[in-house]
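**Q** what follows is a predicted structure for the sequence shown.
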Amino acid sequence: MFEKLYKVVEGSYCDIVAPKSILVAVSGGADSVALLLLLHKLSLKKGIYLVCCHVHHGLRKTADRDAIYVQRLCEELRIPFVLKKVEINTDSNIEAQARAARYDALNSVMLKNNIDVIATGHHMQDQAETVLLHLMYGSGSVGLSGMHEYQNKIWRPLLSIKPDEIHAFLHQEGVEYCFDETNDDESYMRNAIRKTLIPDMLKLYPKAVESMYRCASIIRDEAIAWQEYADVWLNQNGFFLNGVNWIWRSIFNGENIALKRHIIRALFNKVSDAELSFEQVENFRKIIESDRANVFHTVRADINAYITKERIHLYDYNVNWDIGTIGYADYEGEFGDGVFTQALDADKIAGSVLRFRRAGDRIHPLGAKGSQSLKQYMIDRKIDMPFRDIWPLLAKGNEILWVIGYGVSQNASISELTQNIVMAKYDFILPDGNSKKGEKKK
């Protein structure tokens, strides 16, 4: 059995581009102990730097026993050992909290020790349990695809191995392991699936676990293909730069519903690593498909969107928009394109600066009878609200002389009284995707 499991682990190791250092998450249970032994053998052959981490949740009376067991095993194998203690609030979802705290602890150890990947002992039945959980919750292809063998620096080399094979390996090696008594508590959903639902399924079809594993693999491959297509779609039909994120609404609405869901997930992956629930995706999709415009929508507590008639904006509160630069050249008889080049009265713009908007800004539009607030000017010209705070302006005090891409002020334009003319040239892309190299993509 050792040869089979070792071959699987070694093959998986090569598939993930052979990391030089691995943090092994070991609870003391059969799966993680088997993984540690297999990776220890692999490390001796490949020269891998191996570190073991045990996360102590403090939820069980036997938790100290497990920590001591793992520490002693590491001493025998001469593997560096790290113990991380975490605190869990027992008043709410203990399973979810423990999982989040565990991965936070593992990630902190990985970063502190400059380790390449984290290895966990998840096996084939764990995958089946995950698929069944997501099926009951009504998940889409992302959830039904289950756990990835390798994703976000989490490596699961035993995912194709049955738990019986793991136990057989440990028995042959004469290795004992710890038992988590909470695994028998069927008040936890995953335990109930493991102890009741899956055994009943195996009575009906003995290969149910293998079939669910295969099904998850197929769905995962298809989900990856959809996601890759959605990423291409975003690059073709959106704009993503320095925290400014938006896509064309009309093009989105012309796609089929399956692609729309993947586009929404891909869009949110631009600002967050967390997954959206099916309900969050559907609620957002339906608002986009409606006739509503100029509305805020809270997709999740930390993610907001703004939907205009033309665009779907995703707020990134870490926007770091580069205002660009303005250069000046001699006037050669052309008035410019009004977008990136503009002939201006050199004397009137003396002392002006390039900046973003401020409270109290006003502009006298060319040809208008008088001035108006910059806010109203932007509304009249349908500049999307998310763009307004990062739109480049040529200003002197609170007087706006040129709203780049839209128009020049009467107070900066060339007139019969103008004595000196200068050609102003803006050298950057605008938040709406307009650039000096071409027109807006739509």
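**A** Received it, and whenever you're ready, just let me know what you need.
**Q** quick one: residues contacting Ser415.
**A** Asp345 (C-beta atoms under 8 Å, 6 or more residues apart in numbering). Every C-beta, even on glycine, is put in place using the N, C-alpha and C of the backbone.
**Q** scan the protein for its longest helix.
**A** Longest helix of the chain, by residue count under DSSP state H: helix 208-237.
**Q** what residues of that helix count as buried?
**A** For helix 208-237, a neighbour-count test (16 or more other C-beta atoms under 10 Å) marks 208-209, 212-213, 215-217, 219-220, 223, 226-227, 230-231, 233-234, 237 as buried.
**Q** check stretch 277-297 too.
**A** Counting neighbours by 16+ other C-beta under 10 Å, stretch 277-297 gives 278, 280-282, 284-285, 288 as buried.
**Q** also stretch 83-100?
**A** 84, 86, 88, 94, 97-98.
**Q** how's this protein carved up into domains?
**A** 2-218, 242-314, 326-426 (automatic domain parsing).
**Q** can you lay out those as a markdown table showing mean pLDDT and distance to Asn320?
**A** Formatted as a markdown table, these follow (pLDDT from 0 to 100; distance: least, C-beta to C-beta, whole Å):
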| stretch | mean pLDDT | distance to Asn320 |
| --- | --- | --- |
| domain 2-218 | 93 | 23 |
| domain 242-314 | 93 | 5 |
| domain 326-426 | 94 | 10 |
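**Q** now Asp31: how far from Thr90?
**A** Per C-beta to C-beta, to the nearest Å, Asp31 is found 25 Å from Thr90.
**Q** just the CA trace of stretch 327-334, in PDB.
**A** Extracted in PDB, the C-alpha atoms of stretch 327-334 (Å, rounded to 0.1, in the frame of the first residue of the first chain):
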ATOM      1  CA  GLY A 327       2.200  68.700 -21.400                       C
ATOM      2  CA  TYR A 328       2.200  71.900 -23.400                       C
ATOM      3  CA  ALA A 329       3.400  72.500 -26.900                       C
ATOM      4  CA  ASP A 330       3.500  75.400 -29.400                       C
ATOM      5  CA  TYR A 331       0.200  76.100 -31.200                       C
ATOM      6  CA  GLU A 332       0.300  75.100 -34.900                       C
ATOM      7  CA  GLY A 333      -3.100  76.100 -36.000                       C
ATOM      8  CA  GLU A 334      -5.200  73.200 -34.900                       C
END
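**Q** re earlier: show me what the longest helix of the chain is packed up against.
**A** Judged by 3 or more C-beta pairs under 8 Å, 6 or more residues apart in numbering; DSSP states H and E, helix 208-237 is in contact with helix 124-136, helix 141-144, helix 198-204, strand 244-248, helix 257-268.
**Q** which elements pack onto the first one?
**A** The contact analysis (3+ C-beta pairs under 8 Å, 6+ apart) places helix 124-136 against helix 141-144, helix 189-192, helix 198-204, helix 208-237.
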